[in-house]
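>>> sequence unavailable; structure follows:
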């Protein structure tokens, strides 16, 4: 079976409690660090956009949007990744 996205610990932190922001920081770091190690300039461009997109995806999977505005906002954040 495929591992859940986001991992259960991250999803639980995002869904409730004060650890949501640190959980998103961990998700962003997990995306940004390898890209920065590959090419330092990616930390400002590709890495940043990818980190924002993955954080939006993790937040959407952990706490699905319930209104149209929330869905549009989440979609706009995912689209921002492609900038």
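Great, that's in hand. Model, not experiment: these values are computed from the prediction. Numbers count the residues shown, from 1 in each chain.

>>> where in this protein is pLDDT low?
1-6, 83 (pLDDT under 70).

>>> helices of that one, start to end?
For the chain, the helices defined by DSSP state H occupy 8-15, 20-38, 46-62, 68-80.

>>> which stretch among these is buried most, on average?
Among the helices of the chain, ranked by average contacts under mean count of other C-beta atoms under 10 Å, first place goes to helix 46-62 (a mean of 19). Any C-beta I mention is one placed from the backbone N, CA and C, and that applies to glycine too.

>>> and that one, what does it pack against?
Helix 46-62 sits against helix 8-15, helix 20-38, helix 68-80, with contacts defined as 3 or more C-beta pairs under 8 Å, 6 or more residues apart in numbering; DSSP states H and E.

>>> which residue, other than its chain neighbours, is closest to residue 55?
In space, and not counting its chain neighbours, residue 55 is closest to residue 24: 4.9 Å by C-beta to C-beta, 6 or more residues apart in numbering.

>>> go on, residue 22?
Leaving aside its sequence neighbours, residue 22 sits nearest to residue 13 (C-beta to C-beta, 6+ apart; 7.2 Å).

>>> please apply the same query to residue 54.
With sequence-adjacent residues excluded and distances taken as C-beta to C-beta, 6+ apart, residue 54 is closest to residue 31, at 4.9 Å.

>>> likewise for residue 20?
residue 14 (4.9 Å).

>>> same thing with residue 42?
residue 35 (4.3 Å).

>>> surely the one you found touches residue 50?
Yes. Because the distance of 6.6 Å satisfies C-beta atoms under 8 Å, residue 35 is recorded as touching residue 50.

>>> so what's in contact with the two at the same time?
Counting by C-beta atoms under 8 Å, 6 or more residues apart in numbering, residue 35 and residue 50 have no shared contacts at all.
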